[in-house]
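In: From the sequence below, what's the structure:
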Amino acid sequence: MHPDRTNLAPGLSISRLVCGLWQVADIEKDGSTIDPEHGANALQAYAEAGFDTFDMADHYGSAEIITGHLLKRMPVGSGRPVAFTKWCPEPGPMTRDVVRRGVEERLERLGTQKVDLLQFHWWTFEHPAWLDALHEMQAMKEEGLIGALGLTNFDAAHLGLALADGIEIASNQVSFSLIDRRAAGDLSVLCQKTGVKLLAYGTLCGGFLSEKWLGQPEPASIPDWSRSKYKRFIDTAGGWAVYQGILKAASDIARKHGVSISNVASRFILEHPAVAATIIGARLGENEHRDDNLRVFTFTLDDDDRALLGTAFAASTPIPGDCGDEYRKPPFLTASGDLSHHLDAIPSVYNAAPVPGRKDRWRVSSGSIWEPLAGYSRAVRTGDRILVSGTTATHGSNRCVAPNDAGAQATYILDKIAASITALGGRMEDVVRTRIYLRDASQWEPVSRAHGRFFSEILPANTLIEAGNLIGDYEVEIEAEAVLEAQ
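Out: Numbering: from 1, shown residues only. Okay, the predicted model is just below:
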């Protein structure tokens, strides 16, 4: 028996159980390196058992090199393992050379002429160069250097923006489990509408969704990073008692079907219509559990099973925000915990400059051709007030982002406003008023939903009007005012 398969993109058939190689980095954290031939032997055993799809990243130790040694043994064509990897650059200018060096390093480490699926992660959407990176990766896809393009830890709004701006996206890799069900919301709705597939990680919550923890007391400390991360998810979802309720429901279902709790946890995610595959950890010879993992394909969940899980879910607190928010805003539910220091160290895309002859007045420019032509700043700070000019979805000096998609343009604009406010020492939480000008009033809902994703807890005063023809090919223009708290 082998895992079920699915087509992630044209010509890209994958196992529905993908072997994740993140634990290579954990094994090598003391500075040692796995012998690549020995590592390839372990991966070959997975591939021969039908687990022939491997997921890695630029920061997973020597995982790409080990996989490259495996690929060298197998001819290109039917039966060759499939390699997914990720490129996770620090935000900064994404020139053609920067992007190509990043992708070419993946090709070199894998020892292949094409990456089957290259997935892209970006730390902060306030820096708009992620679109430059994706457009260059799209060009490399058209050249045949990339088989399919994927994202990782993108929320629904920014996946929608990438699609609206002409990027061909095959997949989005996100956290999705019995504990973290955010991906079942707006992201899945968009995926089912557009055909993008989800690759689910964290489905077993670092091992917490297993018999080992059923009925056990809450641990006082956790030694490894992976379980520390998923313990944060458990705490945020309502705590140990709520988690035990979900685990007990999964256990009852597992006994009914003669399978394990882990099988039930995986099956629940695999049956979601937007999900192509779940990602399971591969320990390269340790704790492989291949036979148990295959049992996920021996049963299906029925209405009673889903009702039992639904009752357990009802006692939980939804994980806040959308997929990927755990890397970009509190609560930071990551292996290393609070990432605010990392995000604060990322340079702003804008530089604040003092206004000559004006004490306590600063301004920023976005580089648009219109600002010097018409004589205005993107934003101005005077004292504790920040005033942001009417902002459109202009990328760089003059390119209109996501033509004809008002909701996607609003998302881009609000990122741009956030970057302007941040550069002047404020935060989006300081915004007290926004004004929205629409070309077409019928587009109020997608624009309002984009506004709501940014401001649902801040709740500034707002005005939304139809302005008729806006200058250029823009569907929406937004301005904002912020008042900073006294220091």
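
In: and the helix or strand where Ile269 lies, what other elements does it pack with?
Out: Assigned by DSSP states H and E, Ile269 falls within helix 261-270. Judged by 3 or more Cβ pairs under 8 Å, 6 or more residues apart in numbering; DSSP states H and E, the packing partners of helix 261-270 are helix 240-257, strand 275-281, helix 290-294. C-beta here means a position set from N, CA and C on the backbone, and glycine is covered the same way.

In: Alpha carbons of it, as PDB, please.
Out: Extracted in PDB, the C-alpha atoms of helix 261-270 (Å, rounded to 0.1, in the frame of the first residue of the first chain):
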ATOM      1  CA  ILE A 261      -5.200   9.600  17.000                       C
ATOM      2  CA  SER A 262      -2.600  10.900  14.600                       C
ATOM      3  CA  ASN A 263      -4.400   9.200  11.700                       C
ATOM      4  CA  VAL A 264      -7.600  11.000  12.700                       C
ATOM      5  CA  ALA A 265      -5.800  14.300  13.000                       C
ATOM      6  CA  SER A 266      -4.400  13.800   9.500                       C
ATOM      7  CA  ARG A 267      -7.600  12.500   8.000                       C
ATOM      8  CA  PHE A 268      -9.500  15.500   9.200                       C
ATOM      9  CA  ILE A 269      -7.200  17.800   7.300                       C
ATOM     10  CA  LEU A 270      -6.900  15.600   4.200                       C
END
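
In: Tell me which residues are up against that helix.
Out: 16-17, 176-178, 200, 203-205, 209-211, 214, 247, 250-251, 253-254, 257, 259, 275, 277-278, 280, 289, 292-293, 295-296, 299-301, 305, 309 (Cβ atoms under 8 Å, 6 or more residues apart in numbering).

In: Select only the buried ones of those residues in ChimeraX?
Out: Selection of buried members from the contacts of helix 261-270 for ChimeraX, criterion 16 or more other Cβ atoms under 10 Å:
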select :16,17,176,177,178,200,203,204,205,209,210,247,250,251,253,254,257,259,275,277,278,280,293,295,296,299,301,305,309
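
In: Hmm, Leu199 is touching Val18, no?
Out: Yes - the criterion here is Cβ atoms under 8 Å, and Leu199 meets it with Val18 at 6.7 Å.

In: who touches both of these two?
Out: 55, 84, 277-279.

In: May I have the predicted confidence score for Glu286?
Out: We have a pLDDT of 55 for Glu286.

In: sorry, that was for Gln487
Out: pLDDT, read off for Gln487, is 62.

In: for Ser397, same thing?
Out: Ser397 carries a pLDDT value of 85.

In: Quick one: residues contacting it.
Out: Applying Cβ under 8 Å, 6+ apart to Ser397 gives the contacts 367-369.

In: Look up how far Trp370 lies from the closest residue in space to Val355 that isn't next to it in sequence.
Out: Counting by Cβ to Cβ, 6 or more residues apart in numbering, Val355 lies nearest to Arg361, which is 4.1 Å off, once chain neighbours are set aside. Going from Arg361 to Trp370 by Cβ to Cβ, to the nearest Å gives 21 Å.

In: Repeat that for Leu199.
Out: Applying Cβ to Cβ to Leu199 and Trp370 gives a distance of 40 Å.

In: Equivalent analysis for Phe154, please.
Out: 29 Å.

In: Comparing those two, which shows the higher neighbour count?
Out: Taking other Cβ atoms under 10 Å, Phe154 and Trp370 do not tie; Phe154 has more neighbours (27 against 16).

In: Surely the more buried one touches Ala162?
Out: Yes - with contacts counted by Cβ under 8 Å, Phe154 reaches Ala162, the gap being 7.4 Å.

In: show me where pLDDT drops low in the stretch 351-487 of the chain?
Out: 487 (pLDDT under 70).

In: thinking again about what came up before, check the shared contacts of Leu199 and Val18 and tell me the two furthest apart.
Out: By the measure Cβ to Cβ, Phe84 and Thr278 form the most distant pair in these, at 13.1 Å.

In: joint contacts of these two?
Out: With Cβ under 8 Å, 6+ apart as the test, Phe84 and Thr278 both reach 18, 199.

In: in the chain, which helix or strand is least confident?
Out: helix 340-344 (a mean of 73; mean pLDDT, DSSP states H and E).

In: Need the contact partners of it.
Out: Identification of contacts with helix 340-344 by Cβ under 8 Å, 6+ apart yields 123-124, 328, 330, 332.

In: For Ala9, give its distance to Glu168.
Out: 9 Å.

In: These two: which is more packed in?
Out: Shown here are Ala9 and Glu168; by other Cβ under 10 Å, Ala9 has more neighbours (20 against 15).

In: per-residue confidence for that one?
Out: Ala9 carries a pLDDT value of 96.

In: looking just at contacts, which helices and strands does the helix or strand Ile417 falls within meet?
Out: Applying DSSP H and E as the criterion places Ile417 in helix 406-423. On a contact count with 3+ Cβ pairs under 8 Å, 6+ apart, helix 406-423 meets helix 156-164, strand 379-382, strand 385-391, strand 431-438, helix 444-455, strand 476-483.

In: Now mean neighbour count and distance to Ala49 too, for the ones you listed, in CSV please.
Out: Rendered in CSV, the data for the helices and strands packed on helix 406-423 read as follows (neighbours: other Cβ atoms under 10 Å; distance: least, Cβ to Cβ, whole Å):
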stretch, mean neighbour count, distance to Ala49
helix 156-164, 23, 33
strand 379-382, 22, 57
strand 385-391, 21, 54
strand 431-438, 19, 54
helix 444-455, 18, 43
strand 476-483, 23, 52
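
In: closest one to Ala408 among the ones you listed?
Out: Ala408 lies closest, by Cβ to Cβ, to one member of these: helix 156-164, at 3.8 Å.

In: what's the angle from the closest one to helix 444-455?
Out: 130 degrees (axes from the mean of the first three to the mean of the last three Cα atoms, to 10 degrees).

In: And helix 156-164, what does it pack against?
Out: helix 186-194, helix 406-423.

In: Can you say which of those helices is packed in most?
Out: Counting by mean count of other Cβ atoms under 10 Å, helix 406-423 has the highest mean neighbour count of those, with a mean of 26.

In: Which parts of the stretch 1-150 of the chain are helices?
Out: Secondary structure of the stretch 1-150 of the chain (DSSP state H, counting those that start in this stretch): helices at 23-27, 36-48, 63-73, 96-110, 129-142.

In: Which positions within the last one qualify as buried?
Out: What that stands for is helix 129-142. 129-138, 140-141.

In: Just give me the neighbour total for Thr334.
Out: 15.

In: ok, it - contacts?
Out: Applying Cβ under 8 Å, 6+ apart to Thr334 gives the contacts 229, 232, 326-327.

In: And Pro89, by the same measure?
Out: By Cβ under 8 Å, 6+ apart, the residues touching Pro89 are 98, 102, 122, 133.

In: tell me, how many neighbours does the nearest residue in space to Cys19 that is not next to it in sequence end up with?
Out: Of all residues not flanking Cys19 in the chain, Ala282 sits nearest, at 4.1 Å (Cβ to Cβ, 6+ apart). Ala282: 28 surrounding residues under other Cβ under 10 Å.

In: All set now, cheers.
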